[in-house]
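Dropping the sequence and predicted coords here.
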Amino acid sequence: MNIMKFDIPGIEDLDVNGKKILLRVDFNVPLSKDGSTITDETRITASLPTIQHLLNRGASLIIVSHMGRPKGKDDKSLSLQIVADRLQTHLKDAKVHFSPEAIGSEAEKHAAALAKGDVLVLENIRFYEEETAKDKKVREDFAKKITKMADIYVDDAFGAAHRAHASIVEFAEQLPAYAGFLLKKEIDVIQKILNAPERPFVAIIGGSKVSSKIAVLENLITKVDTILIGGAMAYTFLKARGLETGTSLVEPDFFTAAHQILEKADYHKCKILLPEDHVTASEFSEKGKIKKTTDKNIPDGFMGMDIGPKSIDSYTKAIKDAKTVLWNGPMGVFEMDSFAQGTVEVAKAMAKVKGTTVVGGGDSVFAAAKAGVTDKMTHVSTGGGATLEFLEGKELPGVKILDKKK
Ligand code: AMP
């Protein structure tokens, strides 16, 4: 069993007055097709508490982020100028400057001229291939060109914490290093539910592929009381048990792994619930024939698209009795309304739980929003890959280094 116990230093009581803070955030926001507007600013607003706190206490900020995957090239369609402009609209009392270079004389000039309460946003850190270089020495030399502009490093980029990149690991190595509020909350909440949950602890795991969730299931089996499995990944489990799955998405290479998960769950006294019935369709759309099954089997020529009413009933009952609920992955193709009911009902049941409820990043965040219950959850994780790796019990490089430095 993998027990993570990180107690990373936060910024609550940190004296930052007159200091230049190098702040790593995850401002990897989605843009409209023509690149002219930010379509969802959640990632910007999520780090505002950290930014405001540091500015209110007399710091100036040098903000570093990545956006998209420019692969080490200067791709102006992924410039952070648009993010700097948006940030300015949130920070009425601060002047937000932008440096079109993250390193070099212009960035250094801007940084040196920063007054208390000012902000400098550096250009997309992934315009530099050194940021993601495999060679640590390359990352170290690159990091030095930026850390020399600052006194303290604060990491608030949970979404990038699973990456051993220069702005995550080497920045922290080269300066006194702390976690921003967002990063700290993510780590504290997820660690708490994995290490000392109130029970019963129910995990809801769905999504398209069992292959991408095997490691999460393996880890959760040792920690939770019940796992509710939905989404396409359920069909691999059902098929592995000899049931008919029609044309549903199944991964035959993972039949053995599915069996092993079920056996291991038995050993750890973790109950696994699989769908008892399904909403099926003749094609992957709402346009073909749609049929509800009465049992676990799916007829020839049909594919499973959502969990059925009996499954919704037993899943929501299990959730109702829980004191801790963790959700990662939709129960069906929730993007299409005809197949969203399972996901929406599970989300609504979770919203009523009087305990700790955590939505584990990625698609489940959109699904919770579709069900209109985001505000009812204890915590909605901002990470995709980072959340998944954390739930798998992996040590995230961005967290490990902060813990080591304390
Ligand atoms: P993941 O990224 O693995 O969490 O998977 C999320 C995706 O799984 C969503 O886009 C869903 O539409 C998809 N999904 C959920 N249930 C099914 C299903 N029964 N068949 C195909 N795709 C599904």
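Alright, I've got the coordinates.

Now do the residue in the chain that the ligand sits nearest to against Val359, distance only.
Residue nearest to the ligand within the chain (C-beta to the nearest ligand atom): Gly207, separated by 2.6 Å. Every C-beta, even on glycine, is put in place using the N, C-alpha and C of the backbone. Distance from Gly207 to Val359, counting by C-beta to C-beta, to the nearest Å: 13 Å.

Can you pick out the residue with more neighbours from these two?
Val359 (25 against 22; other C-beta atoms under 10 Å).

in the stretch 301-406 of the chain, what spans have low per-residue confidence?
Applying pLDDT under 70 to the stretch 301-406 of the chain flags no residue at all.

What segments of it are strands?
With DSSP state E, counting those that start in this stretch as the criterion, the stretch 301-406 of the chain has strands at 303-307, 324-328, 356-359, 379-380.

per-domain residue ranges of this structure.
The record's domain split for the chain, according to automatic domain parsing, is 20-185, 197-391.

Just give the nearest non-adjacent residue to the residue lying farthest from the centre of the chain, would you?
In the chain, the residue that sits farthest from the middle, by C-alpha atoms, centre = their mean, is Asp300; the gap is 36.6 Å. Counting by C-beta to C-beta, 6 or more residues apart in numbering, Asp300 lies nearest to Gly246, which is 5.7 Å off, once chain neighbours are set aside.

got the residues of the stretch 101-250 of the chain near the ligand?
With the criterion set to C-beta under 6 Å from any ligand atom, the stretch 101-250 of the chain comes near the ligand through 207-209, 212, 231-232, 249.

quick one on the thing from earlier: residues in contact with the residue nearest to Asp300?
280, 298-304 (C-beta atoms under 8 Å, 6 or more residues apart in numbering).

Quick one, which of the residues you listed are buried?
With burial judged by 16 or more other C-beta atoms under 10 Å, the buried subset of the contacts of Gly246 is 280, 298, 302-304.

Please state the mean pLDDT value computed over the longest helix along the chain.
Using DSSP state H, we find that the single longest helix of the chain is helix 181-195. Taken as a whole, helix 181-195 carries a mean pLDDT of 93.

hang on, the earlier thing: let me have the strands of the stretch 301-406 of the chain in CSV, extended by distance to the ligand.
Putting the strands of the stretch 301-406 of the chain into CSV (distance: least, C-beta to the nearest ligand atom, whole Å) gives the following:
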stretch, distance to the ligand
strand 303-307, 5
strand 324-328, 7
strand 356-359, 12
strand 379-380, 15
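
Which of the ones you listed sits closest to Phe339?
Phe339 lies closest, by C-beta to C-beta, to one member of the strands of the stretch 301-406 of the chain: strand 303-307, at 4.1 Å.

Can you list the strands that that closest one pairs with?
Neighbouring strands of strand 303-307 in its sheet, by DSSP bridges, are strand 278-281 (antiparallel).

ok now stretch 176-187, how far from the chain's centre?
Using C-alpha atoms, centre = their mean, to the nearest Å, the mean C-alpha position of stretch 176-187 is found 15 Å from that of the whole chain.

Buried residues in that stretch, which are they?
177-187.

That one spans what distance, first to last residue?
Terminal residues of stretch 176-187 are spaced 19 Å apart (C-alpha to C-alpha, to the nearest Å).

Would you state the helices of the stretch 1-150 of the chain in chain order?
Ranges of helices in the stretch 1-150 of the chain, per DSSP state H, counting those that start in this stretch, are 42-46, 48-56, 81-90, 105-112, 136-147.

now swap in the stretch 151-300 of the chain and tell me
Assigned helices in the stretch 151-300 of the chain, in chain order: 171-174, 181-195, 214-221, 233-240, 255-267 (criterion: DSSP H, counting those that start in this stretch).

if you compare these, which one is most tucked away?
Counting by mean count of other C-beta atoms under 10 Å, helix 233-240 has the highest mean neighbour count of those, with a mean of 24.

Return the angle between stretch directions for it and helix 255-267.
Using axes from the mean of the first three to the mean of the last three C-alpha atoms, to 10 degrees, one finds that helix 233-240 and helix 255-267 are set 90 degrees apart in direction.

Give me the distance from helix 233-240 to the chain's centre.
25 Å.

residues touching the residue nearest to Glu129 when sequence neighbours are not counted, list them.
Among residues not flanking Glu129 along the chain, Gly72 sits closest, at 2.9 Å (C-beta to C-beta, 6+ apart). By C-beta under 8 Å, 6+ apart, Gly72 lies in contact with 126-132.

And the pLDDT at the closest residue to Pro100 other than its chain neighbours?
Once flanking residues are discounted, Pro100 sits nearest to Glu123: 5.3 Å by C-beta to C-beta, 6+ apart. Note on Glu123: pLDDT of 98.

Neighbours of Glu123, how many?
By the measure other C-beta under 10 Å, the count of residues near Glu123 is 25.

Distance to Asp85 added to the strands of the stretch 301-406 of the chain, as TSV?
Below are the strands of the stretch 301-406 of the chain laid out as TSV (distance: least, C-beta to C-beta, whole Å):
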stretch	distance to Asp85
strand 303-307	41
strand 324-328	34
strand 356-359	30
strand 379-380	26
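
Which of the ones you listed sits closest to Ser105?
Checking the strands of the stretch 301-406 of the chain against Ser105 by C-beta to C-beta gives strand 379-380 as the closest, at 41.4 Å.
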